[in-house]
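# The sequence and its predicted three-dimensional model are supplied below.
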Amino acid sequence: MRWNHGSLELLDQTKLPTTIEYIQCDNYQIVAEAIKKLEVRGAPAIGAAAAFGYVLGAKQFQSLELKNFISRLEHVSEELRATRPTAVNLFWALDRMDNLLRQHLQKKSSMKEIIFSLEEEAIRIADEDKKVNCALSKYGAELFKSPMNFLTHCNAGALATVDMGTALGVIRQTYADGHVKRVFADETRPLLQGARLTAFELTQDNIPVTLISDNMAGWVMKNKMVDAVIVGADRIAANGDVANKIGTYSVAVLAKEHHIPFYVAAPSSTFDFSLDNGEQIPIEERNKNEVTHVLGTQIAPLEVDVFNPAFDVTPHALIAGIITEYGVLKEDYKKSIQELKQKLEK
Ligand SMILES: CSC[C@H]1O[C@H](OP(=O)(O)O)[C@H](O)[C@@H]1O
């Protein structure tokens, strides 16, 4: 994504890998639609895009009298929050924008000061994400000191963040250290983020990648073709339960069965300290057409019933470590995540 001081340019991820097309967002409504349609997707990327959408909304209504400006911007925040329910980074980013607005209102700042400060905060959120991914990638790479075959699910790469990625950030750093033999990428039905995005990112970086369909993950593990699994996250509860793309839970169970370490890579902004466990994480359910059609081609009877949860929850007991920008958290997750929370509150 690229911020041009008045408009946000987003790479349309629904068109990848065959078409490189950008969406010029000059109002918050276009950003909200882009998040809903997964034109921009991935927890940190959604958060940063929403923050810039908030700035666009503020600019759209800056000529209103203050009372109306405030109510319109509250509506902008609500509309952006309503785009997708699971990735907590969306709400974390919008909370930062709302809190900053409240501070300016208390200080009776001018409209010009408010707009400038909101824009600075959105840019800060984006810049922080790049630095955070670099830091967590270094911590993650320290776990892998010999040549490894990885398996990953969905896309937790540069396309899912502002840059570098989380799970793919660790893989990129580990590759730079000479410790990646190959990455097995699950295609990740129904929207194929693995086939369309992870395979795209890794081939662009000349990192050896083998695309597999989701139902092959168990067999490659059984045949000792995988040394470690690493995935991203959309929301992590206070006990270490992790919500991530649907299919992640199945991969974690398979990894456990085959004694393969299963890692999650996520910035601290993906933790939801208000939730005791993963059962409390809202799981987005999406349109049935995403399952009955593949890239617009019908593959099932239209009248069939469909269940289309976009995420599932992996219990912390299946997770070998959660790689963050503060280091790798391990069991007892409740304790290590509480320590992370205290660190963030300092
Ligand atoms: C680095 S967070 C990436 C995370 O987000 C993806 O979901 P979606 O493509 O629906 O936004 C997936 O769960 C990834 O692991």
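Everything's here; your move.
# Roughly how far does the spatially most central residue of the chain sit from Ala51?
Closest to where the C-alpha atoms of the chain average out (C-alpha atoms, centre = their mean) is Ala43, at 2.4 Å. Ala43 is 13 Å from Ala51, where distance means C-beta to C-beta, to the nearest Å. No exception for glycine: its C-beta is placed from N, CA and C like everyone else's.
# Next one: the nearest residue to Tyr28 once chain neighbours are set aside from Ile283, what distance?
Taking C-beta to C-beta, 6 or more residues apart in numbering as the measure, Tyr28 lies nearest to Gly57, with 3.7 Å between them; neighbours along the chain are not counted. Plainly put, Gly57 is 28 Å away from Ile283 if you go by C-beta to C-beta.
# neighbour count winner among those two?
In terms of neighbours (other C-beta atoms under 10 Å), Gly57 is the more surrounded of Gly57 and Ile283; the figures are 25 against 16.
# what about that one, helix or strand, and which?
With secondary structure defined by DSSP states H and E, Gly57 is part of helix 43-60.
# what packs against that helix?
If contacts are counted by 3 or more C-beta pairs under 8 Å, 6 or more residues apart in numbering; DSSP states H and E, helix 43-60 sits against strand 8-11, strand 22-25, helix 28-36, helix 66-81, helix 88-107, helix 111-141.
# okay if I get those as TSV plus distance to Ser274, mean neighbour count and mean pLDDT?
Shown next, in TSV, are these (distance: least, C-beta to C-beta, whole Å; neighbours: other C-beta atoms under 10 Å; pLDDT from 0 to 100):
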stretch	distance to Ser274	mean neighbour count	mean pLDDT
strand 8-11	29	19	98
strand 22-25	30	17	98
helix 28-36	22	21	98
helix 66-81	15	16	98
helix 88-107	9	18	98
helix 111-141	20	19	98
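# any idea how far Arg96 is from the residue lying closest to Ala122 once chain neighbours are set aside?
With sequence-adjacent residues excluded and distances taken as C-beta to C-beta, 6+ apart, Ala122 is closest to Ala51, at 3.9 Å. From Ala51 over to Arg96 the distance is 7 Å, taken as C-beta to C-beta.
# Quick check: neighbours shared by the two?
Applying C-beta atoms under 8 Å, 6 or more residues apart in numbering, one finds that Ala51 and Arg96 are jointly contacted by 121, 125.
# tell me which parts of the stretch 51-200 of the chain are close to the ligand?
Proximity of the stretch 51-200 of the chain to the ligand (C-beta under 6 Å from any ligand atom) is limited to residues 154, 156, 160-161, 166, 193.
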